[in-house]
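Asker: Predicted coordinates and the sequence they were generated for:
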Amino acid sequence: MLFNSFTYLIFLPIIVALYWLLPAVCRRGLLLVASYVFYMNWIPAYGLLILLLTVVNYFLGLAIFAHQKRRKLVLTLGLIFNLGCLCFYKYANFLIDSLFQSATWLHTKLGLPLPVPVTEPVVNIILPLGISFFTFEFIHYITDVYRGSQPVKNFWNFALFAAFFPSQIAGPIKRFQDFMKQLLEEPVFRPSTFQAGLYLIFLGLFKKIVLGDNLGQVVNIGFNHLDKLGTLDAWIAVVGFQLQIFFDFSGYTDIGRGSALAFGYKVPKNFNWPFLASNLTEFWHRWHMSLSTWLRDYLFIPLGGSRGGAWKTRRNVMLTMILGGLWHGAAWHYVIWGAFHGGILVLTKEWQDFVSKIGWLARLRPHPIWHCAGVLVTWFLLFMAGILFRSDTMPHALAMAQKLFVPASSGQVVPALLESTLPVTLSAYALFLICSVCWERSDCSQPDAKLASQQPSRTGWRSYAEGVAQWWQNSFAAQAVTYASVALIVLGFAPGKMEPFIYFQF
């Protein structure tokens, strides 16, 4: 079931209404059943997969805690089981195809005889939605129990942690300690929380459908027709893809977080103004934050982290990002994408160490111009990495990169952009961002907004803006008109074809 489908827009209100109408004792059971209905809407048989993983990891957590002397062995078996399931479904096709391509190359290019005739394998293992995300949550769970956290003893609570549908398919990657605290609290309907959830859902739909999907159509024209691509076309396609994946993934996260808030639950924030990062290290602290912290805690640190000297630290960074690239997709261009990010992260650390040792450079570092220059360099690196991420093969990526720097007249992308709704909708979103920044900096966005509103009024535009914001927050009619307007905009500006979320393939 897709968040941007009419099915979900019917499913969610029904489940939310039932959740708050039913007695508190029934609510977690309803969420668990709804989560399995949500997941099995696509391929029902894969509901058995998440159930199997849930049962096995539940007993693994209990076994690790109960058998302290053998807990390392149990953890190792648990990691093998979880990673084995992930590798089978996600990488079997990739490994078999790579072996076939290697054998064919050895035979045709080097003339090496083959012991048996090699024919192209016919294997088509369908990747279960969200397996990368809930497998990482299971690994986090058994690892933290091994490190000393208390296991979850109530099976139904653990099953809901694993299957919770607002974060089931593409994260954010939850930490069970935070989620269990919320499960143990008595659910109370809070209008402010529900309102915040509704706001995020509508914002996510706008970002995904109006911006992300329409950008995707322009980007596809560029990446799918390299022979007709001009220089400006290539830059629009590359920049457009970076914006597309942001609107697509952050839109999904907004809808997921908003859906969770509708039930009174909070899941982690995944984005924090990533395009304001002045280097790639800061970018990964702001982009897909739940994955970044997971890779840090369960891959980088176990590899040795920054202990053991500079060279081991560089090695650990490279390994973490290469494996992170492979996690994103079973293809060599994803591996190279991860290596690219790892290499830039290592160079960033080297550059920062160099700057700190040079007096005049260190004095320039706090200056706004330094930050702006860093942001521009980071954008350029992200655009180059995005080519690797979006392209189907390495030759395709190299050909696309060449188009950026070889002057050529424009082709189809520029007209497609100008004829689309994007100039209007992107401008509207930019205006929304400006208003959001003003709102976040105003007293009305703070917990003591009611108290602040009783303070002597300010003069000028800020006072007026705060008054309007406060009025809107307290007016049901104004909110209803706003959300109805956004719904009409989403329907009116939606492309003809509903597109799945990009991160569903991971």
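Answerer: Arrived safely.

Asker: contacts, neighbours, all on C-alpha from now
Answerer: OK.

Asker: can you tell me the helix or strand for residue 214?
Answerer: According to DSSP states H and E, residue 214 maps onto helix 214-224.

Asker: Can you list the buried residues in that helix?
Answerer: 214-219, 221-223 (16 or more other C-alpha atoms under 10 Å).

Asker: Name the surrounding residues that touch that helix.
Answerer: 229, 233-234, 236-238, 240-241, 243-244, 391, 400, 412-413, 416-417, 420-422, 494-495 (C-alpha atoms under 8 Å, 6 or more residues apart in numbering).

Asker: Mind doing that once more with 6 Å?
Answerer: 237, 241, 244, 413 (C-alpha atoms under 6 Å, 6 or more residues apart in numbering).

Asker: Equivalent analysis for stretch 70-87, please.
Answerer: residue 64.

Asker: what's the answer for stretch 386-400, then?
Answerer: 333, 337.

Asker: quick one: the closest residue to residue 209 other than its chain neighbours from residue 164, how far?
Answerer: Counting by C-alpha to C-alpha, 6 or more residues apart in numbering, residue 494 is the residue found nearest to residue 209 once chain neighbours are left out, at 5.7 Å. Counting by C-alpha to C-alpha, to the nearest Å, the gap from residue 494 to residue 164 is 28 Å.

Asker: The two: who's more crowded?
Answerer: residue 164 (22 against 19; other C-alpha atoms under 10 Å).

Asker: Next, the more buried one: phi, psi?
Answerer: phi -50, psi 110 (degrees, to the nearest 10).

Asker: Would you agree residue 169 is in contact with residue 130?
Answerer: Yes - Residue 169 lies in contact with residue 130 (C-alpha atoms under 6 Å); the separation is 4.0 Å.

Asker: Looking at these two, which one has more neighbours?
Answerer: Shown here are residue 169 and residue 130; by other C-alpha under 10 Å, residue 169 has more neighbours (28 against 19).

Asker: can you list the weak-confidence ranges in the chain?
Answerer: Along the chain, the model assigns pLDDT under 70 to residues 93-94, 97-125, 438-474, 504-506.

Asker: repeat that for 50
Answerer: Counting by pLDDT under 50, the chain contains low-confidence ranges at 116, 443-459.

Asker: ok, back up a step: next, format the contacts of helix 214-224 as a markdown table and append distance to residue 175, neighbour count and secondary structure.
Answerer: Output for the contacts of helix 214-224, formatted as a markdown table (distance: C-alpha to C-alpha, whole Å; neighbours: other C-alpha atoms under 10 Å; DSSP: H, G, I helix; E, B strand; the rest coil):
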| residue | distance to residue 175 | neighbour count | secondary structure |
| --- | --- | --- | --- |
| 237 | 36 | 30 | helix |
| 241 | 30 | 26 | helix |
| 244 | 28 | 25 | helix |
| 413 | 42 | 26 | helix |
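
Asker: which among those gets closest to residue 333?
Answerer: residue 241 (16.1 Å; C-alpha to C-alpha).

Asker: List the contacts of stretch 172-188.
Answerer: residue 290.

Asker: Start and end of it, how far apart?
Answerer: Rule used - C-alpha to C-alpha; the end-to-end distance of stretch 172-188 is 23 Å.

Asker: Okay, helices next: where are they in the stretch 1-150 of the chain?
Answerer: 6-21, 24-40, 46-66, 71-109, 131-146 (DSSP state H, counting those that start in this stretch).

Asker: And the first one, what does it pack against?
Answerer: It refers to helix 6-21. Helix 6-21 sits against no helix or strand, with contacts defined as 3 or more C-alpha pairs under 6 Å, 6 or more residues apart in numbering; DSSP states H and E.

Asker: Give me the buried positions along it.
Answerer: 11-12, 15-16, 19-20.

Asker: Closest to residue 483 out of those?
Answerer: residue 12 (16.1 Å).

Asker: count of neighbours near residue 55?
Answerer: Residue 55 has 14 nearby residues by other C-alpha under 10 Å.

Asker: All further residue positions should be reported with the first residue as 657.
Answerer: Got it, the first residue is 657 from now on, which makes the last one we talked about residue 711.

Asker: now it: how far from residue 819?
Answerer: 12 Å.

Asker: Then residue 798?
Answerer: 16 Å.

Asker: Please apply the same query to residue 967.
Answerer: Distance, residue 967 to residue 819, by C-alpha to C-alpha: 40 Å.

Asker: So between those two, which is more surrounded?
Answerer: The neighbour comparison of residue 967 against residue 819 (other C-alpha under 10 Å) goes to residue 819, with 25 against 12.

Asker: Which residues are in contact with the more buried one?
Answerer: residue 691.

Asker: Show the backbone phi and psi for it.
Answerer: phi -100, psi 0.

Asker: quick one: residue 933 and residue 1038, what's the gap?
Answerer: For residue 933, the distance to residue 1038 - C-alpha to C-alpha - is 11 Å.

Asker: Please identify which of those two sits among more neighbours.
Answerer: Per other C-alpha under 10 Å, whichever of residue 933 and residue 1038 has more neighbours is residue 933, with 23 against 19.

Asker: The residue nearest to residue 865 reaches residue 864, doesn't it?
Answerer: No - at 9.5 Å, residue 1150 does not count as touching residue 864 under the criterion of C-alpha under 6 Å.

Asker: In three-state terms, how would residue 845 be classified?
Answerer: coil (DSSP: H, G, I helix; E, B strand; the rest coil).

Asker: Give me the three-state assignment for the nearest residue to it once chain neighbours are set aside.
Answerer: Distances taken as C-alpha to C-alpha, 6+ apart put residue 920 closest to residue 845, at 6.9 Å, once the chain neighbours are dropped. The three-state label given to residue 920 by three-state DSSP is coil.

Asker: and residue 920, how many neighbours?
Answerer: 20.

Asker: for it, phi and psi?
Answerer: Backbone phi and psi, for residue 920 under degrees, to the nearest 10, turn out to be phi 90, psi 10.

Asker: what's the spacing between it and residue 683?
Answerer: Counting by C-alpha to C-alpha, the gap from residue 920 to residue 683 is 11 Å.

Asker: Quick one: the strands in this protein, in order.
Answerer: For the chain, applying DSSP state E gives no strands.

Asker: Quick check: end-to-end length of stretch 813-831?
Answerer: 14 Å.

Asker: Spell out the residue ranges of the helices in the stretch 907-1056 of the chain.
Answerer: 936-942, 945-951, 966-984, 988-1013, 1015-1020, 1024-1046, 1050-1061.

Asker: for the second one, packing partners?
Answerer: What that stands for is helix 945-951. If you count contacts as 3+ C-alpha pairs under 6 Å, 6+ apart, helix 945-951 packs onto no helix or strand.

Asker: got a list of contacts for that helix?
Answerer: Contacts of helix 945-951 (C-alpha under 6 Å, 6+ apart): 828-829, 926.

Asker: mind redoing it with 10 Å?
Answerer: 789, 792-793, 795-796, 827-831, 923-928, 930, 939-942, 952-953, 955-958, 976-977, 979-980 (C-alpha atoms under 10 Å, 6 or more residues apart in numbering).

Asker: And the residues you listed, which of them are buried?
Answerer: Buried among the contacts of helix 945-951 (16+ other C-alpha under 10 Å): 789, 792-793, 795-796, 827-831, 923-927, 930, 939-942, 952, 955-957, 976-977, 979-980.

Asker: Name the residues of stretch 1036-1055 that are buried.
Answerer: So, applying 16+ other C-alpha under 10 Å, buried residues of stretch 1036-1055: 1037-1048, 1050, 1052-1053.

Asker: Just give me the neighbour total for the residue lying closest to residue 1156 once chain neighbours are set aside.
Answerer: Nearest residue to residue 1156, sequence neighbours excluded (C-alpha to C-alpha, 6+ apart): residue 658, at 7.0 Å. Neighbourhood size, residue 658 [other C-alpha under 10 Å]: 19.

Asker: All good on my end, thank you.
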